[in-house]
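1. Requesting a structural model of the entry that follows:
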Amino acid sequence: MSSKHFKSRVNQLYVDQVAFDTVALEIFKYQAKENKVYKKYLSLLNIIPDKIDKVSDIPCLPISFFKNMDLRAGDWNPAMKFSSSGTGGIRSEHPVCNPQYYLENTVAGFQHFFDRVEDYCFLALLPSYLEREGSSLVYMLEHFIKKSDYPQSGFYLNQFEKLRSTLQDCQEKGIPTILFGVPFGLLDFGEWNTIDLSDIIIFETGGMKGRREEITKSELYSLLDKYFQPKAIYSEYGMTEMFSQAYSLEPGIFKPSPSMDIKIREINDPFHILKKGRLGAINVIDLANFDTISFIATDDLGRKHKNGNFEVLGRLDNSDLRGCNLLIQEI
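-> A predicted model of the protein is given here:
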């Protein structure tokens with residue numbers, strides 16, 4: 001099977017809701033054969049891919065593997081690489097086979113929950129992301145800004161005067177506007193000058209990136225309400241290691257895009273999947289990652305609800321996946 005085949009299969013998830021598990025098992029069988037790191041990982045676990053017939057039985061690769069492993073499935077040369085901020089030390093890197101497909105999938109994911117990208121003005125306040133290369137979030141928003149029908153769309157690197165002026169202009173003209181920002185940037189802006197953004201939607205994403213003390217989502221939302229009184233506050237859940245995103249349209253509750261699903265694993269037993277409603281560590285199944293690895297054990301804590309939505313409730317204290325250290329060394 002080829003990337004073209006999997007692209008078509010994943011695209012179907014957005015159109016006619018073809019069974020997610022069917023596509024996931026197809027991609028698993030492919031990556032178990034074509035991703036050399038994942039193939040060896042499964043071998044060390046004594047797992048025979050042909051005997052896996054349930055998605056819940058598919059082992060997820062620790063997210064730390066993105067820091068020092070080549071996770072390409074198949075033989076291809078990266079067109080580019082996404083990289084993490086590196087705030088925790090070594091940066092994660094995600095090789096990209098087809099950048100255009102990444103952009104198409106991010107648009108499809110956004111439009112699954114909201115109106116067309118073209119219908120919004122996007123104002124991006126992402127200082128920590130703009131100060132480095134390789135940010136998948138910046139790449140996504142660059143695309144959204146280009147597709148937007150409004151010339152006011154753009155990035156802002158601590159340009160608070162210009163940002164305030166543009167926000168006021170958009171409100172005066174009745175332009176549907178999204179202020180997309182990293183939390184510490186939004187708080188810095190609000191402390192610099194409170195402004196009534198009652199016609200503006202705020203999207204917050206990421207953490208404090210070492211610029212401020214981490215706070216809870218409820219505390220962040222409370223401060224943003226205090227500074228801006230926005231029309232709505234939403235959150236985006238994404239990362240360097242994922243090609244898909246999830247969005248929170250209500251405080252703390254994320255909805256995954258159709259190319260993505262969440263499983264919750266037991267913290268002390270990384271291969272045991274918990275029932276819905278239980279607190280544990282988040283496993284991401286991102287079918288848009290068909291050229292690399294679609295089955296990722298993250299370092300985030302969370303809970304999955306019966307309707308498929310999920311919460312992100314923090315980070316593991318010990319990021320190293322227990323029970324996998326020897327496997328990592330052998331690989």
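2. mind listing what's buried in stretch 148-166?
-> By neighbour count with 16 or more other Cβ atoms under 10 Å, stretch 148-166 contains the buried residues 148, 150, 152-156, 160, 163-164, 166. In short, each C-beta sits where N, CA and C put it, glycine included.
3. Which of these fall in strands?
-> Among the buried residues of stretch 148-166, the members found in strands (DSSP state E) are 154-156.
4. which of those lies closest to Val23?
-> Phe155 (34.8 Å; Cβ to Cβ).
5. who's in contact with the closest one?
-> Phe155 is in contact with 124, 126, 130, 138, 141-142, 145, counting by Cβ atoms under 8 Å, 6 or more residues apart in numbering.
6. In helices, which of those fall?
-> 130, 138, 141-142, 145 (DSSP state H).
7. need the longest strand for the protein.
-> The single longest strand within the chain, with elements called by DSSP E, is strand 295-304.
8. about what we covered before: please identify the one among the ones in strands among the buried residues of stretch 148-166 that lies nearest to Leu274.
-> The nearest member of these to Leu274, counting by Cβ to Cβ, is Phe155 at 39.9 Å.
9. Against Tyr139, how distant is the closest one?
-> Taking Cβ to Cβ, to the nearest Å as the measure, Phe155 falls 12 Å from Tyr139.
10. same thing with Asn11?
-> Noted for Asn11: a distance of 20 Å to Tyr139, by Cβ to Cβ.
11. try Ser64
-> For Ser64, the distance to Tyr139 (Cβ to Cβ) stands at 23 Å.
12. Repeat that for Asn35.
-> In this structure, Asn35 and Tyr139 are 23 Å apart, going by Cβ to Cβ.
13. Which of these two has more residues huddled nearby?
-> Applying other Cβ atoms under 10 Å to Asn35 and Tyr139 shows that Asn35 carries more neighbours, namely 24 against 17.
14. Who are the contact partners of the residue positioned nearest the centre of the chain?
-> By Cα atoms, centre = their mean, the chain has its centre lying nearest to Gly238, at 1.2 Å. Gly238 sits next to 136-137, 140, 205, 244-246 when contact means Cβ under 8 Å, 6+ apart.
15. List buried residues within the residues you listed.
-> For these, a burial check counting by 16+ other Cβ under 10 Å picks out 136-137, 140, 205, 244-246.
16. Which single one of these is nearest to Ala19?
-> Comparing these against Ala19 with Cβ to Cβ places Ser244 closest, at 17.1 Å.
17. Tell me, what's the model's pLDDT at the residue nearest to the closest one when sequence neighbours are not counted?
-> By the measure of Cβ to Cβ, 6 or more residues apart in numbering, the closest residue to Ser244 outside its immediate chain neighbours is Met260, 4.0 Å from it. pLDDT for Met260: 96.
18. min pLDDT across the contacts of Phe155, which one?
-> Ranking the contacts of Phe155 by pLDDT puts Leu130 at the bottom, with 66.
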